[in-house]
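# My questions are about this predicted structure, shown below with the sequence.
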Amino acid sequence: MKLYSYFRSSAAYRVRIVLNLKHINYDIVPVHLVRNGGEQNSAEYLDVNPQGLVPSLDITAPNINGLEPKPQIITQSAAIIEYLEEAFPQPPLLPINLIERAYIRTLTQIIACDMHPVNNLRVLHYLEERFDCNEAEKITWYHHWLAKGFAAFEMLLLKNESTHYCCNGQVTMADVYLIPQVYNALRFNLDMTPYPITNRIYQHCIQQSAFVEAAPEQQPDIGL
Ligand SMILES: N[C@@H](CCC(=O)N[C@@H](CS)C(=O)NCC(=O)O)C(=O)O
């Protein structure tokens, strides 16, 4: 498998964690989101992912008997993660209980649908280019949407009596989405003190090898 990734991309970070948790071998294909106006906008990469976003996962079968395999590329981190969960069920990242599965998807979607998209690089660029927002205004925007999302997330963790993981003392997709989002928040100096349960889960997860190896600091493209 080949993962088109950028070390700082939190959506790619989610997929890296899942690949590591499931012990799946993969090669990183770096896509630099800043250099040369962003390699995600190149014609070559748009052919891989027409949205010009990372991650993309290339699961094309190997060339057997000289036959050219049909390229198979999955885009959108949630689609990639659901594919990996179905194709590589061990260890499961969703529990069996249907209510708990729904709860985990609620948590992942708070991040993937309501927090991350409004703070994406291209959104921040648009604020600057179209509405002339300066750095401080962009940070205000960024913090606003993160704080709204984390407040709801924390409330749900409290109601669910979460301790070291988001659900039931075991790693699930909810942790996979949460850790990169907290990493981003810390990078942009959001005050995380109002979210003690979130912080505890973050500190617990980042000690574990699947999370450590997926972290931006460990990526081969960090110095490129
Ligand atoms: N919903 C998409 C979001 C992907 C996404 O926004 N990726 C960011 C990096 S975290 C990106 O490629 N940004 C490039 C840009 O904004 O130009 C997913 O989950 O895969």
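Happy to help now that I have it.
# Would you mind splitting the chain into its domains for me?
2-90, 98-211 (automatic domain parsing).
# which bits of this structure sit near the ligand?
By the rule Cβ under 6 Å from any ligand atom, the part of the chain lying against the ligand is 9-11, 33, 38, 40, 53-55, 76-78, 112, 120-122. (C-beta placed from N, C-alpha, C; glycine too.)
# can you tell me which of those residues are in helices?
Those of the residues of the chain next to the ligand mapping onto helices are 10-11, 77-78, 121-122, per DSSP state H.
# Quick check on the residues you listed: which are buried?
Neighbour-count burial (16 or more other Cβ atoms under 10 Å) applied to these gives 10-11, 77-78.
# rewinding a little: columns mean pLDDT on top of the domains of the chain, output as a markdown table?
Below are the domains of the chain laid out as a markdown table (pLDDT from 0 to 100):
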| stretch | mean pLDDT |
| --- | --- |
| domain 2-90 | 95 |
| domain 98-211 | 96 |
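# ok, Gln90 - how many residues close by?
8 (other Cβ atoms under 10 Å).
# who does the top helix by length along the chain touch, helix- and strand-wise?
For the chain, the helix reaching the highest residue count under DSSP H is reported as helix 135-159. When contacts are defined as 3 or more Cβ pairs under 8 Å, 6 or more residues apart in numbering; DSSP states H and E, helix 135-159 sits against helix 98-109, helix 121-131, helix 173-187, helix 196-205.
# Could I have the CA atoms of the first one written out in CSV?
Extracted C-alpha coordinates of helix 98-109, given in CSV (Å, rounded to 0.1, in the frame of the first residue of the first chain):
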residue,chain,number,x,y,z
LEU,A,98,-24.4,-0.8,18.1
ILE,A,99,-25.1,2.0,20.5
GLU,A,100,-21.3,2.3,21.3
ARG,A,101,-20.5,2.2,17.5
ALA,A,102,-22.9,5.1,17.0
TYR,A,103,-21.4,7.0,19.9
ILE,A,104,-17.9,6.5,18.4
ARG,A,105,-19.1,7.8,15.0
THR,A,106,-20.7,10.8,16.8
LEU,A,107,-17.3,11.6,18.2
THR,A,108,-15.4,11.0,14.9
GLN,A,109,-17.9,13.2,13.0
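# Name the residues of that helix that come out as buried.
Buried residues in helix 98-109, defined by neighbour count with 16+ other Cβ under 10 Å: 100, 103-105, 107-108.
# What of stretch 126-136?
By neighbour count, and taking 16+ other Cβ under 10 Å as the criterion, the buried residues in stretch 126-136 are 127, 133.
# How about stretch 73-86?
Using 16+ other Cβ under 10 Å as the burial criterion, the residues of stretch 73-86 that qualify are 74-78, 80-82, 84.
# Unless I'm misreading it, Ala12 sits right up against Leu3, doesn't it?
Yes. The criterion here is Cβ atoms under 8 Å, and Ala12 meets it with Leu3 at 7.0 Å.
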